[in-house]
Each structure stands twice: as C-alpha cells, then as structure tokens.
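# Sequence isn't available, so here's the structure alone:
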C-alpha cells in the first residue's frame, strides 16, 4: 500500500466514479439493444477539451451520446463543444470493398454525430457547464436530464485580490438570448 494525499485520493475516487458510470451506461445500452457513448466533463477548461476529444471522437458514430456535466465547475469551452455537436452529415458514402468496422458505410462531414444526445446536470453544474446545457437546449441538439443547476449563468472575475491574498469574485458578464432574456 502506498499512502496518497487527500487530494490524490479524491482524484482516484472521482476517476473510479467516472469509470463506473461509463461502464454502467455502456452495459445498460447494450442490454437495451443500442450503442451509447459517454463523456464526462469536470469543468470547461483546456484539460476538459482533451477529455471531450478522448470521449467524443471514438464514439461519434454511436446511436446515442451522454455528455455528463454534473459537478462541472465551468470554464469557457462551451461554444467549441457546441460547434462540434452541430456538425451535420451532408453526404453518405459506400465503399466498394466493405470496411470491417463500418460495413463500408460512411458520411461526409467527418465526426458528425447523428444520434440522440442527452446532457446530465445537477445542482453543482455551474457557469460554463450551465451555458453548455442551455446551448444544447436552445440549439435543439438534445435533452437535458437532472436537477436544477447552480443558477449562476454569469461570468465571474477573480482578479479582485484582497490585502490578505484572498480573492473576491465579482459577477461581470451576464448571458442573454432572445428566447430566455437575461
């Protein structure tokens, strides 16, 4: 046994939770007779772009996709993910010799997801995680399932440092659209 710090232990438990969730989802989908991909995004930062790519692109051709933004602490990549999800197949291909992985079938607009999309949210989904879920709804890309989110769809600033080294986060930018208002 090797002792680990409290933070490292929390990371290991969180990673195990992600793995169990993915495995359970894949097994449940298989029993129900369809294929389903799973992407969990802890936040919406640079590392999470990598997590999206590792989870989405291998499974873009599945019949369904679950993007889990529960516990998502925000960031600023929602528009990048929404752009990837909005890709549409515009042409279909049939190879002369069947490809063993696709049966020879394919479509133009590489990595265009054509299945059903579900986004999972909870009360700890905040900031850009909320913006992403709202974008999925407003763009008609899929369904949102879960609990009411944190409710702070306002960008915060952390540049207000205090004398003691702390930070006072102040709301600076609100989100607006024609459907929902402010």
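Noted; the coordinates are in hand. Keep in mind that this is a model prediction, so the values were computed, not measured.
# separation between residue 92 and residue 134?
32 Å (C-beta to C-beta, to the nearest Å). C-beta coordinates here come from the backbone N, C-alpha and C atoms, glycine included.
# Ranking helices and strands of the protein by mean pLDDT, which lands last?
Lowest by mean pLDDT, DSSP states H and E among the helices and strands of the chain is strand 105-107, with a mean of 63.
# helix/strand/coil for the most centrally placed residue in the chain?
In the chain, the residue lying closest to the centroid (C-alpha atoms, centre = their mean) is residue 67, at 4.1 Å. Assigned by DSSP: H, G, I helix; E, B strand; the rest coil, the conformation of residue 67 is strand.
# Give the buried residues for the very next helix or strand once past the least confident helix or strand of the chain.
Counting by DSSP states H and E, the element after strand 105-107 in chain order, helix or strand, is strand 116-121. By 16 or more other C-beta atoms under 10 Å, the buried positions in strand 116-121 come out as 117-121.
# do stretch 72-86 as well
Under the neighbour-count criterion of 16+ other C-beta under 10 Å, stretch 72-86 has 72-75, 77-78, 81-82, 84-85 buried.
# nearest to residue 181, of these?
Compare each of the buried residues of stretch 72-86 with residue 181 using C-beta to C-beta and the shortest gap goes to residue 78, at 19.0 Å.
# Test my guess that that closest one contacts residue 128.
Yes. With contact defined as C-beta atoms under 8 Å, residue 78 counts as touching residue 128 (4.9 Å).
# list residues touching both of the two?
Common contact partners of residue 78 and residue 128 (C-beta atoms under 8 Å, 6 or more residues apart in numbering): residue 44.
# Return the set of buried residues in the helix ranked longest in the chain.
Under DSSP state H, the helix in the chain containing the largest number of residues is helix 6-32. By neighbour count on 16+ other C-beta under 10 Å, the buried set for helix 6-32 is 18, 21-22, 25-26, 29.
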